[in-house]
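Student: Starting from these lines, generate the structure:
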Amino acid sequence: MELKSAFDHPGELRVSGQAKRFLSEAAGWARFLSVLGLVLVALQALVVLSALLFGAISGLSMGPFEGTVIMLIYGLLALFYFFPLYYLFLFSGRAKRAIATDDTIALEDCFGYLRSHYRFVGIIIIIMLAVYILAMAAVAVGSFASIF
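Tutor: Predicted structure coming up:
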């Protein structure tokens, strides 16, 4: 009689105890980072709202850059930071649940949220690189134009 291993089924992934420990530790750090980030985003949103309110009440001007425009940019940045942090938070929760209950669907969900987190961060990085390249090109064109 031949003994069959639990890992003999091709196309079926098994998660070892060591992998579960690694995933559990990663989920713990993801939870910490996401909660800390979400708290900081909430503080940033509170600062933006209070600055907009104070600016509207006081009527002070900040020169060429209006304070309202700057605060709206900070508000948009807080909104951009929210989504990857939220996906990271969801990843950590689903990973903990998958490990605790050996739930394959929760494991799939957790990796789906991790994928969404990294996709969002990757797109933001691509956009920022494009902005940096355009800014450097504008500076180079401006420098060459001032020479001639």
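Student: Could you use CA atoms for every contact and neighbour count after this?
Tutor: Fine.
Student: what's the longest helix seen in the chain packed up against?
Tutor: Secondary structure of the chain per DSSP state H: the longest helix is helix 104-147. Secondary-structure packing of helix 104-147 (3 or more CA pairs under 8 Å, 6 or more residues apart in numbering; DSSP states H and E): helix 67-101.
Student: quick one: average pLDDT of the helix it packs on?
Tutor: Averaged across helix 67-101, pLDDT comes to 91.
Student: and the angle from that helix to helix 104-147?
Tutor: Angle between the axes of helix 67-101 and helix 104-147 is 150 degrees (criterion: axes from the mean of the first three to the mean of the last three CA atoms, to 10 degrees).
Student: show me where pLDDT drops low in this protein?
Tutor: 1-11, 55-67 (pLDDT under 70).
Student: need the contact list for the most centrally placed residue in it.
Tutor: Taking CA atoms, centre = their mean as the criterion, residue 84 is the residue nearest the geometric centre of the chain, at 2.4 Å. By CA atoms under 8 Å, 6 or more residues apart in numbering, the contact list for residue 84 reads 116-118, 120-121.
Student: which one of the residues you listed is nearest residue 30?
Tutor: residue 117 (11.1 Å; CA to CA).
Student: how many other residues sit next to residue 144?
Tutor: By the criterion of other CA atoms under 10 Å, residue 144 has 10 neighbours.
Student: before we move on, what about the one 3 residues further on?
Tutor: Under the neighbour criterion other CA under 10 Å, residue 147 is assigned a count of 6.
Student: what's the answer for residue 54, then?
Tutor: 12.
Student: what's the answer for residue 124, then?
Tutor: 14.
Student: ok, so what distance separates it from residue 106?
Tutor: 27 Å (CA to CA, to the nearest Å).
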